[in-house]
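Peer 1: I would like the atomic coordinates for the input below:
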Amino acid sequence: DEGKIKEALEILDGASAAMKRRRLLHRAAERAEAEELQIKELKADVEIEYFRVDAIMVYTAIPYDERFKKVGVIYKSIMEDLEALAPMYISKHKPVLDGMLADVVLKFAKHHAETDVDASMGLYAKAWKIFERLPSGRKHIVPIRIDMAELCIRKKNNDLALTILYDAKNECEAVIKHNTFRFAVCMTRIFDGMAKVYIQGGKYTEAIEVSERAVKVMDNVHLHSEGRFKKRYVETLRIQGLAYESGGKCEQALKIYEKALTCSRQIGFHAGVGAIANAIGDVYLKGRNFYKARKYYVDALLECKHLWLDNPPLYSKIARSLAAGLGKTFMSEDFSDDVCNIFGNILTGASAGFVRNLLQRLNLLGHMYQMSGWLAGAQKIFDFSYLKSCELVKNCSTEFELEISSALRYLMDVNMRMNEFEKAFQVGAESLRLRRKWDQGSLWIVSLVKRLAKIKRTLGDVKQAEELLVESRRMEESLVINSNGEHIHSEIARGKVKG
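Peer 2: Alright, predicted model coming up:
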């Protein structure tokens, strides 16, 4: 309930401000006898800040980027506060303070992992150093090593990743072996990481071997039946399936993926369903079974609706691959009617941002149809995109007029190739009108005006064609190239207009 989340956030924000004022008073007093009380209050302060983080991340009325930024500010504030307080406490309370500091640094590192790998690596290293000086800190270093290895894999630094993972394995066997569940989770993550490294390096036999060891570890302690570990089990199966698929063993890969898909659906794991359905679609696409591939890609896109507001970076990661795969299944012949029906179902009830993102991909697919010579199919796709964009403007915001403009521009090109020049000019002129509300003279506009001039010349209206060409030249002259190689208006470049 967004209304209640907003109310909760207001209460937590007030509590957070009050706690900060109290901490300032404590810092000014510097009474050693009050330290016990201060430590308890400090723990409560940090807990409240974590509650704020949880509330912000589920409050989807705020755009994701803004939520992400706010959470980063909170983590940074807690970290700086704890670091400033550390020198003021006697040695008796130092481990407690260090534990709290290590915890927040670790959370801050994970928060940064999606957007800034280098910053995240620095924070993980900082957390590692803090845990090293804590009496029971060694058991926390293994997960940190694994997280750092994951970041190395993302940067394609496979040698370093493998070194870190082997160190983590040795540390895990030395420190965590007595804790069965913790040991199993860490070892599974280590083997998963190794499999990813081997897949990236083209060593598919080794990847299959370590991925099987990961699944075996989970099966041995029945982790797959524990609710809190089921998402981990899905990810382990996905990596095992990828190892088999990369090694050319597609039948075994499909069996593993189907098992992971069933598990994801049982626990309502939308990201898991999206990623696994996408992977199954890829396998069928490789086998040129376009109909089955399309079914799984569509299933994945339907699941991605749920991700759009909750986790846009994860949605984008899955959707990029999905759009490419789905597009290929429609390129074997003209499937424009299927395209419009399928996308219509996917878009029903979806958020505005999700619809906008998918319409951009749909326009690209229509353009591919146009380039392949399927002009009637491209026309259907762009007409559908135009209608859906109009619905967005009506129901949401005029900023979606840019999508209408794009669809009309593509439609104009199709009509030109079909020799329907009168219709081409009408839709092109409407595209220009809508675009000019948001864009006063970019290269996109210049190109469109030139196209309209070409249409008028073809229709025999030489006078208007010349007028349009003169207008396009005037706009070109007002464009200059800035230091980044981007075109901007000369008036802005001269400082006459503040952007």
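Peer 1: host element of Gly344?
Peer 2: Element membership for Gly344, per DSSP states H and E: helix 336-347.
Peer 1: what do you get for Tyr410?
Peer 2: helix 401-417.
Peer 1: Going by neighbour count, list what's buried in that helix.
Peer 2: 401-416 (16 or more other CB atoms under 10 Å). (Each C-beta comes from the backbone N, C-alpha and C, glycine too.)
Peer 1: what does it contact?
Peer 2: 356, 359-360, 363, 366-367, 370, 375, 378-379, 382-383, 385-386, 389-390, 392-393, 421, 423-425, 427-428, 430-432, 434-435, 437-438, 448, 451, 455 (CB atoms under 8 Å, 6 or more residues apart in numbering).
Peer 1: what packs against the helix or strand just after that helix?
Peer 2: Where DSSP H and E defines the elements, the next helix or strand beyond helix 401-417 is helix 421-436. Judged by 3 or more CB pairs under 8 Å, 6 or more residues apart in numbering; DSSP states H and E, helix 421-436 is in contact with helix 401-417, helix 443-458.
Peer 1: Comparing the ones you listed, which yields the minimum mean pLDDT?
Peer 2: Mean pLDDT is lowest for helix 401-417 among the helices and strands packed on helix 421-436, at a mean of 82.
Peer 1: what angle do that helix and helix 421-436 make?
Peer 2: 160 degrees (axes from the mean of the first three to the mean of the last three CA atoms, to 10 degrees).
Peer 1: can you give me the offset of helix 401-417 from its chain's centre?
Peer 2: Chain-centre distance of helix 401-417: 29 Å, with CA atoms, centre = their mean, to the nearest Å.
Peer 1: coming back round to it: which secondary structure elements does the helix holding Gly344 contact?
Peer 2: helix 290-310, helix 352-371, helix 375-395.
Peer 1: right, and these - which one's nearest Cys263?
Peer 2: helix 290-310 (14.0 Å; CB to CB).
Peer 1: now the angle between helix 336-347 and that closest one, please.
Peer 2: 30 degrees.
Peer 1: Might you list the low-confidence residue ranges for the stretch 101-250 of the chain?
Peer 2: Along the stretch 101-250 of the chain, segments meeting pLDDT under 70 span 177, 179, 221-228.
Peer 1: what ranges do the helices span in it?
Peer 2: Along the stretch 101-250 of the chain, counting by DSSP state H, counting those that start in this stretch, helices occupy 117-132, 138-154, 158-175, 180-200, 204-220, 230-246, 250-266.
Peer 1: The ones you listed: which one's closest to Gly344?
Peer 2: Among the helices of the stretch 101-250 of the chain, helix 250-266 sits nearest to Gly344 (CB to CB), with 23.7 Å.
Peer 1: For the closest one, buried residues please.
Peer 2: For helix 250-266, by 16+ other CB under 10 Å, it's 250, 253-254, 256-257, 259-261, 263-265.
Peer 1: just how off-centre is stretch 336-348 within its chain?
Peer 2: On CA atoms, centre = their mean, the centre of stretch 336-348 falls 24 Å from that of its chain.
Peer 1: Just to check, Cys186 is in contact with Val175?
Peer 2: No. Using CB atoms under 8 Å, Cys186 is not in contact with Val175; the gap is 9.6 Å.
Peer 1: which residues do the two both contact?
Peer 2: Val142.
Peer 1: neighbour count winner among these two?
Peer 2: Between Cys186 and Val175, counting by other CB atoms under 10 Å, Cys186 is the more crowded of the two (25 against 18).
Peer 1: Phi, psi for Pro63 please.
Peer 2: Torsion angles at Pro63 (phi, psi; degrees, to the nearest 10) stand at phi -60, psi 150.
Peer 1: can you tell me how far it sits from Ser389?
Peer 2: Per CB to CB, to the nearest Å, Pro63 is found 21 Å from Ser389.
Peer 1: Check Gly3 too.
Peer 2: 31 Å.
Peer 1: between the two, who's got more neighbours?
Peer 2: Taking neighbours as other CB under 10 Å, Gly3 and Ser389 compare with Ser389 leading, 25 against 8.
Peer 1: out of the contacts of helix 401-417, which are buried?
Peer 2: 356, 359, 363, 366-367, 370, 375, 378-379, 382-383, 385-386, 389, 392-393, 421, 424-425, 427-428, 430-432, 434-435, 448, 451, 455.
Peer 1: what angle do the helix holding Tyr410 and helix 443-458 make?
Peer 2: 30 degrees.
Peer 1: Now do helix 401-417 and helix 352-371, the angle between them.
Peer 2: Using the same axes, to 10 degrees: helix 401-417 against helix 352-371 is 10 degrees.
Peer 1: What angle do helix 375-395 and helix 401-417 make with each other?
Peer 2: Going by the same axes, to 10 degrees, helix 401-417 makes 160 degrees with helix 375-395.
Peer 1: Next, the distance between the ends of stretch 213-231.
Peer 2: End-to-end distance for stretch 213-231, by CA to CA, to the nearest Å: 18 Å.
Peer 1: what separates Ala174 from Ala109, distance-wise?
Peer 2: 24 Å.
Peer 1: of those two, who's got more company?
Peer 2: Set Ala174 next to Ala109 and count neighbours by other CB under 10 Å: Ala109 wins out with 24 against 10.
Peer 1: what's the closest of the buried residues of helix 250-266 to Val210?
Peer 2: Ile256 (14.5 Å).
Peer 1: For the closest one, give me its contacts.
Peer 2: 237, 240-241, 244.
Peer 1: Quick check: chain neighbours aside, which residue is closest to it?
Peer 2: Gly241 (3.9 Å; CB to CB, 6 or more residues apart in numbering).
Peer 1: Ok, Lys450 next?
Peer 2: Ser472 (5.0 Å).
Peer 1: Might you report the residue contacts of the one you found?
Peer 2: Neighbours of Ser472 in contact, by CB under 8 Å, 6+ apart: 446, 449-450, 453.
Peer 1: do Phe384 as well
Peer 2: So Phe384 contacts 339-340, 343-344, 362 (CB under 8 Å, 6+ apart).
Peer 1: For those, which single residue is the most surrounded?
Peer 2: Highest count within those by other CB under 10 Å belongs to Leu362, 27 neighbours.
Peer 1: Run a quick check on that residue versus Gly344, I expect a contact.
Peer 2: No. Using CB under 8 Å as the test, Leu362 is too far from Gly344 to be in contact (10.5 Å).
Peer 1: hang on, the earlier thing: need the contacts of Ile256 in a markdown table (columns: neighbour count).
Peer 2: Output for the contacts of Ile256, formatted as a markdown table (neighbours: other CB atoms under 10 Å):
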| residue | neighbour count |
| --- | --- |
| Leu237 | 26 |
| Gln240 | 27 |
| Gly241 | 27 |
| Tyr244 | 23 |
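Peer 1: With distance to Met121 added, can I get the residues you listed in a markdown table?
Peer 2: Formatted as a markdown table, the contacts of Ile256 follow (distance: CB to CB, whole Å):
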| residue | distance to Met121 |
| --- | --- |
| Leu237 | 28 |
| Gln240 | 27 |
| Gly241 | 29 |
| Tyr244 | 31 |
